[in-house]
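Chemist: Here is a sequence together with a model predicted from it:
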Amino acid sequence: MEFKTPEQEIQRFRSRVLAASAFVIICFGLLVARFVYLQVIQHDYFSTRAEDNRISLVPIVPNRGLIVDRNGVVLARNYSAYTLEITPSRIKDLDATIDALAGIIDIQPKDRKRFKKLLDESKTFESLPLRNRLTDEEVARFVAQRYRFPGVDIKARLFRQYPEGEFASHVLGYIGRINDREKRKIEDDETRAANYRGTEHIGKSGLEQSYEDELHGTTGFEQIEVDAGGRAVRSLARTPPIPGRKLVLTLDSKLQKIAEEAFGNRRGALVAIEPGTGGVLALVSMPTFDPNLFVDGIDSASWDALNNSPDHPLLQRAIYSSYPPGSTFKPFMSMAALMTGKRTPHQAISDPGFFWFGGHRFRDDKEGGHGTVDMAKSIIVSCDTYYYHLANDMGIDLLSRSLGEFGFGTRTGIDIHGESAGVLPSPEWKKKRFKKPEMQKWYAGETISIGIGQGYNNYTMLQLAHATATLAAGGVMFKPHLVKYVQDVRTDEKRLIEPTPIKKIPIKPEHLKVITDAMVGVNKFGTSSRAFAGTEYVAAGKTGTAQVFSLKGAKYDAKAIGERLRDHALFIAFAPADAPKIALAVIVENGGFGAVSAAPIARQVLDYYLTGKIPAGAAPEQVGAE
Amino acid sequence: MILQRIWRAIINPIDPFLFALMVLLIGFTTLVMLSASPDRIEAQLINTGVALSAMWVVASISPQRLQLLALPLYVVGVILLIAVAVFGDISKGAQRWLDLGVMRIQPSELLKIAMPLMLAWYFQMREGSLAVRDFVVAAALLALPVYLIASQPDLGTSLLVLSSGLFIIFFAGLSWKLITPVMLAGIIAITAIIATEDQICQPDVKWPGLRDYQKHRVCTLLDPNKDPLGKGFHTIQAEIAIGSGGWLGKGWRNGTQTQLEFIPERHTDFIFAVISEEFGLIGNLGLLLTLLLVILRGLLIAAHAATVFSRLLAGALSLSFFTYAFVNMGMVTGILPVVGVPLPLVSYGGTALVTLCLGLGILMSIARHRTLLQK
């Protein structure tokens, strides 16, 4: 190192100080550049980030709309109760926690099972209910020991409740926790996804499902300022939720109840419709189930019981199950014959008790036949031979086309999901239905049994009631509906589900009179005269029997075959005959003759609806053969 | 008359220019603390009182006397560091504290003053006969405590101690021929790290000589969004606070990032984010200017200092002050890795404040004694 004088030394030092100063200023310049970049250039971006940080949108779930019947009887409502909820992601040992909780709160094995099921279904970090409807005492006990249970909370929640239990459950349906599939569907629609933030339940069946959008309401939001720990600091703004709308049904719950009770423990379905509007007065599927079981996840024991029952209580028999209409088809056959000119009312046949066709003998129920039979008599005594002839004369194409006018084989469009179309047989239908070419061909012999409502014929009770109501209304067809109007509970504004006339079938009044009179005759001195003895009103009706089990020509003996193989009993009716207010169709599965089991149920329903008479609960009387 | 003499005795050791800047900074700090962490304001005022007293005491001591303290302080400091390595308490994963029974001390803090004192004293001793050998000795004197501190591990303090020593060596006249290649190598190394970030930040890659958490800090700096809720959280939240402050800031006590506690360590190492959020770019520039004036004043004192010792010491202390400021603001704004370096005179914390005020006191002493010595 070279030698330096103190002056040189100082000079060099000062130059280094200058260099250092320059370095300092350059570095600070770098910082200034960074400040400008962050605070000026990127300012908007970071402002947004800061706002996102501090503001959290908390959804406020709206109250679900009520469902009431036409008289205001509440069928579905909400009530507030405390639930014990666990956030599994915050708990290390779930079983130990639940065991500890069981020490202070009553936790049944079924609660645990249900919780396990919910746990398997949930993939997010949501909190899941372990026990619902805690008592005040349980709430107090838990609160006192809350510190022991991080990740466990008590929440006040609104619960859906069906106060009438098993009553009308197939109409109301039920709500349940949103599952993954439903969640994905909701998330496909952006506005719907926003509206379902915070919502945990959704309509799964019945009206709860089909009117989901009306019942759900609009979710409100609260803007909450949160700190870094996620704790709410204060509320900034609140958009209140709009409660779900109320459904006011056309259904008459008393009528429904009388119908359900009339079935006793028998299986079957009944649909009653107001002919002038299409409003459904009663829609019964028996047996029923308790929809309350489903609201917070059904426990497996109850589920197994419902699912494995031979009576299939979850089956919607009124709109999903379809049955051969049997002789209840005959008034419609006759009307079609009149309208197409294939028969006049007085054209008569001589009934030997059978009809020969293509080497096959089509039997009538009555051995030896009914003698001379015109149209009215064919309905009153339910003569099969008359209709074998008629079906043969009409041919399948005309038959199928003209019966189709009454809605047979077409979904009615009722306002709940799960409706079947049934089967209105035709050569085209057969071609589509079967794959093998030899099965696709229509045989003229098949037309014959179609005429008496057997064969491939298959309709829902809703279709049958719908057709009966259309007939009763002189051919004016209304779309059946369960909801009378939807009401906004804040403004009381009502949205009517208008009676929607679908079409007018050109029925001549004199033709209508022929059929109506004949059907009145059925109840007065025909097959259901015992069931309808002494009514204060004039009712038109028709009995029917649908074969479950083919007897292959042998004589039917109810006692000799198993209960499940017995015929289904059917009945259609409308009343009062001159100005119909109600039309119905009823089936009692394996009920035997329609007059025996189905007609008395119809009688009770009509009695109540038209006269207010409440049945004494008598068992259906035994009456003679159809 | 007597009062006047006492007053004169009090203000005599004080450099008015430096002191005015300090008052500005401390006043500003108080304001910021009232917003960021009002419950600590009392402790901060006590700390300030202690630190200013210490400064006054040191400022009253002449550089010649301070020179006598250099060797003993350095020796004691190194012994304590060794003691920490053997007996020290472990807190937050690092062994930094020594429990003396009465009090817990952090010997590494002592070295921030003792290191430049020691090296300045050494070069003063070698004045006139400076040889390459002396730089080697100086480097060795520097390396020992830096190694001990770095292995505690305390990267921030070891860097500060290292830089204070390097500044002395720089001012002592280390040839540019040596400095330039080292700086170039450093720039190349940093560029290489940034360029190969994806590979070297893989979890299974070990960095020679650095702990895992140190590696993570560097990797987090390179891409804070990789771990937004974990290691990158500090940096991201600080940047949001700074950026959302804009030109004029959100106003005192109105910073949402601050008040809602999104800024971590908002009263200590990250207090600059609070300032940026509530006082904006204007506030930052004002703060930066004040700090710059402190540094330039220090360098001016160095330029006019009388002896080699005071010259080197003043220069190194000024640049150390700069290092604090630059590293802190650099890490808070996300251009440097997060190392525990406070913002000088602004961050809350007694130890750092006292250390910095001791340094400023030494500067004042040097400033006052340059003329006295020449007489």
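Modeler: Yep, it's here. Numbers count the residues shown, from 1 in each chain, chains lettered A, B, ... in the order given.
Chemist: and the lengthiest helix in chain B, what's its mean pLDDT?
Modeler: Longest helix of chain B, by residue count under DSSP state H: helix B:271-303. Across helix B:271-303, the average pLDDT comes to 95.
Chemist: list the contacts for whatever residue of the stretch 401-550 of chain A ends up closest to chain B?
Modeler: Chain B sits closest to residue A:490 of the stretch 401-550 of chain A, with a gap of 35.4 Å, by CB to the nearest CB. Yep, even glycine has a C-beta here, placed from its N, CA and C like the rest. Going by CB atoms under 8 Å, 6 or more residues apart in numbering or on different chains, residue A:490 touches A:242-243.
Chemist: Can you give the distance of the longest helix of chain B from its chain's centre?
Modeler: Taking CA atoms, centre = their mean, to the nearest Å, one finds the center of helix B:271-303 at 14 Å from the center of the full chain.
Chemist: wait, residue A:17 sits on residue B:304?
Modeler: No: using CB atoms under 8 Å, residue A:17 makes no contact with residue B:304, being 9.8 Å away.
Chemist: Between the two, point out the one with more neighbours.
Modeler: residue A:17 (24 against 17; other CB atoms under 10 Å in any protein chain shown).
Chemist: For the more buried one, give its distance to residue B:302.
Modeler: As judged by CB to CB, to the nearest Å, residue A:17 and residue B:302 stand 6 Å apart.
Chemist: Overlap of the contact sets of these two?
Modeler: B:171, B:315.
Chemist: Report the closest residue of the stretch 151-300 of chain B relative to chain A.
Modeler: Closest point on the stretch 151-300 of chain B to chain A, by CB to the nearest CB, is residue B:243, at 2.6 Å.
Chemist: Can you tell me the SS state at that residue?
Modeler: helix (DSSP: H, G, I helix; E, B strand; the rest coil).
Chemist: Quick check: chain neighbours aside, which residue is closest to it?
Modeler: Spatial nearest neighbour of residue B:243, excluding adjacent residues (CB to CB, 6 or more residues apart in numbering or on different chains): residue A:46 at 2.6 Å.
Chemist: Please tell me I have it right and that neighbour contacts residue B:238.
Modeler: No: applying CB under 8 Å, one finds residue A:46 not in contact with residue B:238, separated by 10.5 Å.
Chemist: Now do the buried residues in stretch B:148-156.
Modeler: B:148-150, B:152-156 (16 or more other CB atoms under 10 Å in any protein chain shown).
Chemist: How about the residues of the stretch 201-350 of chain B by chain A?
Modeler: B:237, B:239-247, B:256-257, B:260-262, B:276, B:280-281, B:284-285, B:288, B:291-292, B:295-296, B:299, B:302-303, B:308, B:311, B:315, B:318-319, B:322, B:326, B:329-330, B:333-335 (CB under 8 Å from any CB of the partner chain).
Chemist: buried subset of these?
Modeler: Listed as buried from these are B:237, B:239-246, B:256-257, B:260, B:262, B:276, B:280-281, B:284-285, B:288, B:291-292, B:295-296, B:299, B:302-303, B:308, B:311, B:315, B:318-319, B:322, B:326, B:329-330, B:333-334; burial here means 16+ other CB under 10 Å.
Chemist: higher neighbour count, residue A:46 and residue B:238?
Modeler: Neighbour count, other CB under 10 Å: between residue A:46 and residue B:238, residue B:238 has more, with 30 against 21.
Chemist: Skip the chain neighbours and tell me the closest residue to the more buried one.
Modeler: Of all residues not flanking residue B:238 in the chain, residue B:273 sits nearest, at 4.1 Å (CB to CB, 6+ apart).
Chemist: Contact partners for the one you found?
Modeler: Contacts here follow CB under 8 Å, 6+ apart; on that basis residue B:273 touches B:237-238, B:241-242, B:257-258, B:263, B:266, B:332.
Chemist: One more pass at 10 Å, please.
Modeler: When the contact criterion is CB atoms under 10 Å, 6 or more residues apart in numbering or on different chains, the partners of residue B:273 are B:36, B:234-235, B:237-242, B:245, B:255, B:257-258, B:262-266, B:329, B:332-333.
Chemist: Let's see which of the residues you listed end up in helices.
Modeler: If you go by DSSP H, these have B:36, B:234-235, B:237-242, B:245, B:257-258, B:329, B:332 in helices.
Chemist: Max pairwise distance over the residues you listed: which two?
Modeler: Greatest spatial distance among the ones in helices among the contacts of residue B:273 (CB to CB): B:36 and B:235, at 18.0 Å.
Chemist: For chain B, give me its nearest residue in the stretch 251-400 of chain A.
Modeler: Counting by CB to the nearest CB, the stretch 251-400 of chain A gets nearest to chain B through residue A:297 (32.4 Å).
Chemist: That residue reaches residue A:177, doesn't it?
Modeler: Yes: between residue A:297 and residue A:177 there is a contact under CB atoms under 10 Å: 5.9 Å.
Chemist: Just the endpoints, please. Distance across stretch B:340-358?
Modeler: Terminal residues of stretch B:340-358 are spaced 20 Å apart (CA to CA, to the nearest Å).
Chemist: Same question for stretch A:89-109.
Modeler: 22 Å.
Chemist: what's next to it, contact-wise?
Modeler: Outside stretch A:89-109, the residues touching it (CB under 10 Å, 6+ apart) are A:84, A:86, A:88, A:111-112, A:114-116, A:119, A:124-127, A:130-131, A:134-135, A:137-139, A:141-142, A:144-145, A:148-154, A:299, A:301.
Chemist: Next, the buried residues of the host helix or strand of residue B:86.
Modeler: Using DSSP states H and E, residue B:86 maps to helix B:63-87. By neighbour count with 16+ other CB under 10 Å, helix B:63-87 contains the buried residues B:63, B:66-67, B:69-70, B:73-74, B:77-78, B:80-81, B:84.
Chemist: near chain A, anything from it?
Modeler: No: using CB under 10 Å from any CB of the partner chain, we find that helix B:63-87 stays clear of chain A, coming within 15.6 Å at best.
Chemist: Poorly predicted segments of chain A, please.
Modeler: A:1-4, A:121-126, A:229-231, A:549-561, A:616-626 (pLDDT under 70).
Chemist: for it, what's the longest helix?
Modeler: helix A:6-36.
Chemist: hmm, that helix touching chain B?
Modeler: Yes: contact between helix A:6-36 and chain B, assessed by CB under 10 Å from any CB, occurs at A:6, A:9-10, A:12-14, A:16-21, A:23-25, A:27-36.
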